[in-house]
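# with the input below, show me the fold.
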Amino acid sequence: PKLAKCQDPDEELFLRAHRSAMGARFSRARAATPPTPPSAGVPVVVGMEVVKPDVVKPGGAAATAADGNPKQQLDLVFTMDCTGSMGSYIHAAKKNIEAIVAKLVQSEGYDLRFALIAYRDHPPQDQTYVTKTFAFTTDVDQAKRDLATLSAQGGGDGPEAVAAGLKETLDSDWRPNATKVCVFIADAPPHGLGEQGDGFPDGAPDGVDPFEVLTQMSMKGICIYSVGCEPALSGYQYAKDFFVAAAQKTNGQAVSLNSAAALADVIMGGAIEEMDLQQLADEVVEEVRQMREARCARRDGVDDGYDSEEERATAWEAIQSRGHTTRHMKTKKLKSKHAGAVGKVASLSEAREALKSVAPPTASRYRGHPPPRKMAPVSAAPSHPRCPVTFDTIDAVDAGTLESAVLERCMSGSACDSGSDYDSNGSGDEKGASGARKGGVRLETRALSFSQMSRIYGRQKKMGVL
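Here you go, the predicted structure:
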């Protein structure tokens, strides 16, 4: 029997190619199950209820305080650039932290801890601080007090102390059994990638290698949600490559924001999706282990050349056939042409050489200078008439689903400004100004996607479970 129609074109192409190559190995009979229709898409808006999926990890519904079972643990860290251009994002975090905690704790029932890592730059580029660490807390009032201490100022040469911020994130007091999510919010790359005008062209003076840190984060099960703040991020040649690679290396996601108004929705949507995936992790591990044992028995212990992609796709088929659904955060995806060139490297020096080989350094759109820092204090967004805007999807969905799922909502004044949508080259694409007006974040409840399966599988391999 055929699987339910793939929601992502890449999934369907992947399966077609592997079915053709592997024949009966991928075509073994399975019990037919009706396709799971996708939800109409629930907007992730502060103060609005989020619909949970019907199917969760085998063994019963998700644990809640009412049934006496332990709640799902979520450790959530904001790792934030606090230099002069980031004022609107700091303001958005301060404004919405209470609503974020209420959504994740009260509506979703998670055992939530929140921590904050703020970073700026190394002297002499910045004389205030390199990093500030605020430990995990369950107290929303403490979280508000921590955020209240932050302000946007400083910065210097463009690239910032990203590596130091990520190292502090890695060294935080994560709970062993918690789902670990780092929301990395910034508009500038780390030092040492090869950007023009970088004051530390060989890397930060503290010697911290961001790629080594990313590897250690993945081994610890910490996933990164890279939030690229546009348009400043696209003013650098290699920044988007790093942001996307950071998400890929840690089995997270990379999103693009043109407005700070959507930040809270991204945080909630990403956390909820990761918690859904965590509920399926044990089942994925068990499925893969059973597949390996069966293959080993058939081959009398001889390696049959079954690679990880084939293993992942076969396990995905099996789990999809059981009718599991998960929630999918839908928003604009951060794109990068050269993230693949740096996604597998082990060190900053290797990344710099890889980027130099695929994209030799050129003058940026700022004519060799870093994007200008906005030093003015943050003020509230100006009022304006509401106007309908639609989102840009992360994964392609069929036209009928997309039409029914469109969220028409004005995110903020800046979301309605004219501008260009940034493609993988960091320049305006064919959508032009209409792309910049697209905003919004929503959750869709539908079958586990291949990209989600890949993230679960990849995380378990990095952690040494598989």
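# tell me the phi and psi of the residue nearest to Asp111 when sequence neighbours are not counted?
Excluding the flanking residues, the one nearest Asp111 by Cβ to Cβ, 6 or more residues apart in numbering is Lys71, at 4.0 Å. For the C-beta atoms, the positions are set from N, CA and C on the backbone; glycine is no exception. When read as degrees, to the nearest 10, the backbone of Lys71 gives phi -80, psi 160.
# any idea how far Glu293 is from Lys71?
33 Å (Cβ to Cβ, to the nearest Å).
# for Tyr457, same thing?
On the measure of Cβ to Cβ, Tyr457 and Glu293 end up 17 Å apart.
# who has more neighbours, those two?
Tyr457 (24 against 10; other Cβ atoms under 10 Å).
# so which residues of the stretch 51-200 of the chain form strands?
Under the criterion DSSP state E, counting those that start in this stretch, the stretch 51-200 of the chain contains strands at 73-81, 111-119, 131-137, 179-186.
# for the first one, output the C-alpha coordinates as PDB.
Pointing back at strand 73-81 there. What follows is strand 73-81, C-alpha atoms only, in PDB (Å, rounded to 0.1, in the frame of the first residue of the first chain):
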ATOM      1  CA  GLN A  73      10.800  18.500  31.000                       C
ATOM      2  CA  LEU A  74      11.800  21.400  28.800                       C
ATOM      3  CA  ASP A  75      15.000  23.400  29.300                       C
ATOM      4  CA  LEU A  76      14.800  26.600  27.100                       C
ATOM      5  CA  VAL A  77      17.700  29.000  26.700                       C
ATOM      6  CA  PHE A  78      17.600  32.400  24.900                       C
ATOM      7  CA  THR A  79      21.100  33.100  23.600                       C
ATOM      8  CA  MET A  80      20.900  36.700  22.500                       C
ATOM      9  CA  ASP A  81      23.100  39.200  20.700                       C
END
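# partner strands of it and their direction?
Strand 73-81 sits in its sheet next to strand 111-119 (parallel), strand 179-186 (parallel), going by DSSP bridges.
# for the helix or strand following the last one, name the packing helices and strands.
The first helix or strand that comes after strand 179-186 along the chain, using DSSP states H and E, is helix 210-219. Where contact means 3 or more Cβ pairs under 8 Å, 6 or more residues apart in numbering; DSSP states H and E, helix 210-219 is packed against helix 162-170, helix 239-249, helix 348-358, helix 450-462.
# quick one, the second one and helix 348-358 angle?
Which is helix 239-249. 120 degrees (axes from the mean of the first three to the mean of the last three Cα atoms, to 10 degrees).
# how big is the angle separating the helix or strand following helix 239-249 from strand 179-186?
Under the assignment DSSP H and E, the closest C-terminal helix or strand after helix 239-249 is strand 253-257. Counting by the same axes, to 10 degrees, strand 253-257 lies at 40 degrees to strand 179-186.
# so strand 253-257 versus helix 450-462, what angle?
Using the same axes, to 10 degrees: strand 253-257 against helix 450-462 is 130 degrees.
# ok, and what's touching stretch 347-359?
With contacts defined as Cβ atoms under 8 Å, 6 or more residues apart in numbering, stretch 347-359 is touched by 163, 190, 192-194, 202-203, 209-212, 237-238, 241-242, 245, 337-338, 341-342, 345.
# same list (the strands of the stretch 51-200 of the chain) but as CSV, adding mean neighbour count, mean pLDDT and distance to Val105.
Shown next, in CSV, are those (neighbours: other Cβ atoms under 10 Å; pLDDT from 0 to 100; distance: least, Cβ to Cβ, whole Å):
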stretch, mean neighbour count, mean pLDDT, distance to Val105
strand 73-81, 24, 98, 9
strand 111-119, 23, 98, 5
strand 131-137, 17, 98, 12
strand 179-186, 25, 98, 14
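# okay, these in CSV with distance to Ala143 next?
Formatted as CSV, these follow (distance: least, Cβ to Cβ, whole Å):
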stretch, distance to Ala143
strand 73-81, 9
strand 111-119, 5
strand 131-137, 6
strand 179-186, 13
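# not counting its neighbours along the chain, what's nearest Val101?
Excluding the flanking residues, the one nearest Val101 by Cβ to Cβ, 6+ apart is Val140, at 4.6 Å.
# roughly how far does that neighbour sit from Asp276?
23 Å.
# those two: which is more packed in?
Between Val140 and Asp276, Asp276 has the larger neighbour count (other Cβ under 10 Å), namely 27 against 17.
# quick check: next helix or strand after the strand or helix carrying that one?
Per DSSP H and E, Asp276 falls inside helix 263-298. Later in the chain than helix 263-298, the nearest helix or strand by DSSP H and E is helix 308-320.
# that next one: which residues count as buried?
By neighbour count on 16 or more other Cβ atoms under 10 Å, the buried set for helix 308-320 is Glu310, Glu311, Arg312, Ala313, Thr314, Ala315, Trp316, Glu317, Ala318, Ile319, Gln320.
# and stretch 183-203, by the same measure?
The neighbour-count check on stretch 183-203 (16+ other Cβ under 10 Å) flags 183-196, 198-200, 203 as buried.
# okay, now Asp209: neighbour count?
Other residues close to Asp209 by other Cβ under 10 Å number 20.
# burial count for the closest residue to it other than its chain neighbours?
Nearest non-adjacent residue to Asp209, counting by Cβ to Cβ, 6+ apart: Leu348, 4.8 Å away. Leu348 has 24 neighbouring residues, counting by other Cβ under 10 Å.
# okay, the strands paired with strand 73-81 in a markdown table with distance to Val465 next?
What follows is the strands paired with strand 73-81, written out as a markdown table (distance: least, Cβ to Cβ, whole Å):
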| stretch | distance to Val465 |
| --- | --- |
| strand 111-119 | 22 |
| strand 179-186 | 14 |
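# between those strands, which one is closest to Val266.
Comparison of the strands paired with strand 73-81 against Val266 by Cβ to Cβ identifies strand 179-186 as nearest, at 7.6 Å.
# tilt between that closest one and helix 210-219?
150 degrees.
# and strand 179-186 with helix 263-298, angle?
130 degrees.
# then strand 179-186 to CSV, C-alphas only?
The C-alpha coordinates for strand 179-186 follow below in CSV (Å, rounded to 0.1, in the frame of the first residue of the first chain):
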residue,chain,number,x,y,z
THR,A,179,14.3,18.4,25.9
LYS,A,180,17.0,21.0,25.4
VAL,A,181,16.3,23.9,23.1
CYS,A,182,18.6,26.9,22.5
VAL,A,183,16.9,29.9,20.7
PHE,A,184,19.8,31.7,19.1
ILE,A,185,18.8,35.2,18.3
ALA,A,186,21.2,37.4,16.4
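# how close does the residue nearest to Val101 get to Ser321?
41 Å.
# what's the angle between the helix holding Asp276 and helix 308-320?
Angle of helix 263-298 versus helix 308-320, following the same axes, to 10 degrees, is 100 degrees.
# in helix 263-298, what's buried?
263-281, 283-285, 287-288, 291, 295.
# low pLDDT regions in the protein?
Low-confidence segments of the chain (pLDDT under 70): 1-67, 156-157, 300-306, 363-439.
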